[in-house]
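J.: Quick one, what's the 3D model for this:
(chains A and B)
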Amino acid sequence: MNTHSADSIEVTVNGEVRVLRADMNVADLVERTWGRAVAVARNGEVISRAAWAATPVEPGDEIEIVRPIQGG
Amino acid sequence: MTEANGLIQPNDSDAHDTWRLGDLDLHSRVILGSARYPSTQVMLDALSAAGTQLVTMAIRRVDPKATGGENLYELLTDRGYLVLPNTAGCFTAQEAVLTAELAREALGTSLLKLEVIADEETLLPDPIETVAAAAELVKRGFQVLPYTNDDPVIAQRLEDVGCIAVMPLAAPIGSGLGIRNPHNFELIVSRASVPVIVDAGLGTASDVALAFELGCDAVLLNTAVAQARDAVRMARAVRHAAISGREAFLAGRMPKRFYADASSPMEGRIGARNAAWP
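T.: Presented below is the predicted three-dimensional model:
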């Protein structure tokens, strides 16, 4: 992402504001992540893996992408 | 019991001493956390030495800059461990419910260690938020294992809302202080009809043995094993302690007495009034 144009949108991913292509869906966003055990919430609602590709990323969205890590 | 490689192997009767957790039948009564080990290999060796089947993991944001690397979850599941996700770090029922939903989606399990803490200093459970979150999660189809205080009343409330187990703390998380109020555990055990799992604060093998002697069904440890000087050896000690404590509980301990009660008979002792001395 270089400049903020009409083709780009601002969303919050894991607490950080990011500028993304306007035509992105959740699958595009998560695609290059980490292992099979990843989950996504959009605006406080979990998006099932099956629905990622059909779920657009819209301006102002708050996206959380999580995975399991070491814990007690 | 048979000895092999210095390890006590459970015999057939021990293998049949399984316990039911939701829809699982488990033979290991030791649940371990996956954090704070000196290395991944030490963790894997410790899990194996403890004979554990169920391992806890936390749910956290992915780091967008991370390159992937070693995937602990795959490492564990590929070796046949069941992963129990937790909601560690949540302060409200709302945070815990979203974390739980993400955990279920990520790991494909409805098992959940519910943890809603009150503050960062004590990490003590917030009982009000915990009961609220548990009720909501049960409605949403989760199998909830709530981390809770060693409070018999809260334990009962958690069972009433449909939790599949209760997990009272021995002492604050990571404190290693052992069971601070054994009587509360006896009260919880005597009234619970779901498994009682001692979670948090256990420090060493004798703490584990005591948990089972009090009638608890399982223990959950992390720091006690991971931060021992020799984590693998402590894992083995914990496994033995679990067997010992459970066996002692099943055997039924003798009643306690205030005064001594001679083991050797008092009848038939010799007379020595006229013996030469020195």
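
J.: Helix, strand, or coil at the nearest residue to B:Ser190 once chain neighbours are set aside?
T.: Take B:Ser190 and drop its neighbours on the chain: the residue closest to it by Cβ to Cβ, 6 or more residues apart in numbering or on different chains is B:Gly215, 7.7 Å away. The way it works is simple: take the backbone N, C-alpha and C, and place the C-beta from them, glycine included. At B:Gly215 the chain is in coil, as set by DSSP: H, G, I helix; E, B strand; the rest coil.

J.: So the nearest residue to A:Glu62 once chain neighbours are set aside, which state does it fall into?
T.: When the adjacent residues along the chain are set aside, A:Glu62 lies closest to A:Thr12, with 4.6 Å between them (Cβ to Cβ, 6+ apart). The assignment at A:Thr12 comes out as strand when based on three-state DSSP.

J.: got it, and B:Asn184?
T.: Under three-state DSSP, B:Asn184 falls in the helix class.

J.: Let me know how buried it is, in neighbour terms.
T.: The tally of other residues near B:Asn184 (other Cβ atoms under 10 Å in any protein chain shown) stands at 17.

J.: Skipping its backbone neighbours, what lies nearest it in space?
T.: B:Asp150 (4.3 Å).

J.: Same question for B:Phe185.
T.: Leaving out its chain neighbours, the residue that sits closest to B:Phe185 by Cβ to Cβ, 6+ apart is B:Leu214, at 4.6 Å.

J.: Would you mind pulling up the elements that the strand ranked longest in chain A packs against?
T.: Looking across chain A with DSSP state E, the single longest strand is strand A:62-70. Judged by 3 or more Cβ pairs under 8 Å, 6 or more residues apart in numbering or on different chains; DSSP states H and E, strand A:62-70 is in contact with strand A:8-13, helix A:26-30, strand A:39-42, strand B:54-61, helix B:72-78, helix B:93-107.

J.: Kindly provide the distance from the residue nearest to B:Asn184 to B:Cys216.
T.: B:Asp150 sits 11 Å away from B:Cys216 when distances are taken as Cβ to Cβ, to the nearest Å.

J.: Give me the neighbour count for the residue in chain A positioned nearest to chain B.
T.: Using Cβ to the nearest Cβ, the single residue of chain A nearest to chain B is A:Gly71, 2.7 Å away. Counted with other Cβ under 10 Å, the neighbours of A:Gly71 add up to 24.

J.: contacting residues around it?
T.: Contact analysis of A:Gly71 by Cβ atoms under 8 Å, 6 or more residues apart in numbering or on different chains lists B:33-35, B:56-59, B:86, B:88.

J.: ok, and which of those reach chain A?
T.: With Cβ under 8 Å from any Cβ of the partner chain as the criterion, the contacts of A:Gly71 include B:33-35, B:56-59, B:86, B:88 near chain A.
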